[in-house]
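K.L.:
predicted coordinates and the sequence they were generated for:
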Amino acid sequence: MSKQEKKVSRRSAMKLGVGVASLVAAGGVSQANAAEVKTPFTVEQVYVPIAGSSQEFPVRRIYCIGRNYAAHAREMGSDPTREPPFFFQKPTDAIQFVAPNKIVDHPYPSLTKNYHYEVELVAALNKGGKNIPIEKALEHVFGYALGLDMTRRDLQRFMGDQKKPWEIGKSFDHSAPIGPIFPVAKVGDFKNGAIALSVNGVTKQSADLSQMIWSVAEQIAKLSEANELFPGDIIYSGTPENVGPVVKGDLVRCTIAGLPDLVIKIV
C-alpha cells in the first residue's frame with residue numbers, strides 16, 4: 001500500500017469518528033494493519049458546530065439523565081430524593097442542529113399521539129476517563145449547549161407499564177435538537193441560571209439550573225462509574241417540571257441564561 005493510500009485509509013477511519021488508536025485499543029484491529037482498515041461503505045460522523053469557531057464538535061455518544069429536577073420527578077410519579085441517578089442514551093443521528101436566531105422545522109415523529117418537549121442544558125466532553133472524581137469532573141467539559149430531549153411520551157409510558165425498555169419513546173430521528181456548543185473558556189461553567197421553555201409564547205417550563213438534583217459534575221462522576229467516558233461524549237442534564245405535548249404548527253422556544261435561544265417549529 002502506498003503512503004497516499006494509507007493516508008486516505010486513516011482519514012476514512014477518522015471520518016467515521018473512530019481514530020486508529022481507538023480501533024487498536026478496542027481490539028478491533030492490530031497495530032500492524034491499523035492504517036489499512038477498509039470498509040464497504042461510509043458511515044457519516046455527526047458534528048455540532050462550535051460557537052465562534054470554524055471547528056465542529058464530533059459527537060461520540062449521547063447520554064441523558066432522567067428525572068433530575070425534583071418537581072419533574074414528582075410529576076413523572078417518582079420519589080425526588082437523592083437516589084442514585086439513572087441514565088439512558090440516544091443515537092448520535094438523533095441530533096438536529098438548530099442555529100441561533102433561526103426557526104428550524106422539526107418533524108412530528110411517527111407512532112405517537114403525545115409528543116413532549118423537555119428543555120435541557122447539554123455538557124460536551126473533550127476528556128474521558130473512568131471513575132472520575134467529582135472535584136475533577138468539570139475539567140472534562142469542553143463546553144455547553146442548549147438542547148431538547150424530545151419524547152414520544154405515550155410510547156415511553158406504554159413500554160414502562162409493561163416493564164419493557166422504553167428506548168422507543170426516547171431514541172428516534174431528530175429527538176435531540178441542539179444549539180451550538182459554547183466553549184467553557186468563553187462562557188464558564190453553568191452551575192446556576194434560568195432555564196425555560198415556551199410554546200407559542202406561553203411559558204411552560206421555568207426553573208434554575210441550581211435546582212438539579214445531580215449537578216453536571218456529579219453526573220459526570222456517576223456516569224464514569226458505569227461507563228468509561230471519552231472525548232465527544234455529550235450529556236443532556238435533565239429537564240424541569242411541566243413537560244407537555246406539542247402538535248404540528250407549535251413554535252417551541254428554549255432559553256438558558258447565557259446562551260442564545262433555540263427555536264423549533266413542529267411540522
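P.N.:
Sure thing, it's come through. No experiment lies behind these values; they were computed from the predicted model shown. Numbers count the residues shown, from 1 in each chain.
K.L.:
could I get the phi/psi values of the residue lying closest to Ile103 once chain neighbours are set aside?
P.N.:
Distances taken as Cβ to Cβ, 6 or more residues apart in numbering place Val263 nearest to Ile103, at 4.9 Å, with adjacent residues excluded. The way it works is simple: take the backbone N, C-alpha and C, and place the C-beta from them, glycine included. Dihedral pair for Val263: phi -130, psi 130, per degrees, to the nearest 10.
K.L.:
does Val263 touch Val252 like I think?
P.N.:
Yes - with contact defined as Cβ atoms under 8 Å, Val263 counts as touching Val252 (6.9 Å).
K.L.:
what's the burial count for Lys186?
P.N.:
A total of 12 residues lie near Lys186 under the criterion other Cβ atoms under 10 Å.
K.L.:
other residues contacting stretch 103-115?
P.N.:
Surrounding stretch 103-115, the residues in contact under the criterion Cβ atoms under 8 Å, 6 or more residues apart in numbering are 96-98, 150-155, 168, 172-175, 177, 245-248, 251-252, 263-267.
K.L.:
report the buried members of those.
P.N.:
Applying 16 or more other Cβ atoms under 10 Å to these, the neighbour count classes 96-98, 150-155, 172, 174-175, 177, 246, 252, 263-264, 266 as buried.
K.L.:
got the contact list for stretch 253-260?
P.N.:
100-101, 119, 121, 144-148, 179-180, 182, 187-188, 190, 193-199, 201, 209, 261-263.
K.L.:
repeat the analysis, applying 7 Å as the threshold.
P.N.:
Stretch 253-260 is contacted from outside by 100-101, 119, 121, 146, 148, 179, 182, 187, 190, 193-198, 261-263, using Cβ atoms under 7 Å, 6 or more residues apart in numbering.
K.L.:
and the buried ones among those residues, selectable in PyMOL?
P.N.:
Buried members of those can be picked out in PyMOL with the line below, counting by 16+ other Cβ under 10 Å:
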select buried, resi 119+121+146+148+179+182+190+195+196+197+198+261+262+263
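K.L.:
among the contacts of stretch 253-260, which are in helices?
P.N.:
Using DSSP state H, the members of the contacts of stretch 253-260 that fall within helices are Val187.
K.L.:
what mean pLDDT does stretch 160-176 get?
P.N.:
Confidence over stretch 160-176, taken as the mean pLDDT, stands at 96.
K.L.:
list the buried residues of it.
P.N.:
In terms of neighbour count (16+ other Cβ under 10 Å), stretch 160-176 has its buried residues at Trp166, Gly169, Lys170, Ser171, Phe172, His174, Ser175, Ala176.
K.L.:
just checking, the second one touches Phe158?
P.N.:
Read it as Gly169. No - between Gly169 and Phe158 no contact is recorded; they are 8.1 Å apart, counting by Cβ atoms under 7 Å.
K.L.:
that older thread, now, the contacts of stretch 103-115 that are in strands?
P.N.:
For these, the ones inside strands are 96-97, 151-152, 177, 245-246, 251-252, 263-266, with DSSP state E as the criterion.
K.L.:
surely Gln219 forms part of a helix?
P.N.:
Yes - when classified by DSSP: H, G, I helix; E, B strand; the rest coil, Gln219 is found to be part of a helix.
K.L.:
thought it was touching Ile235?
P.N.:
Yes - taking Cβ under 7 Å as the definition, Gln219 is a contact partner of Ile235 at 5.8 Å.
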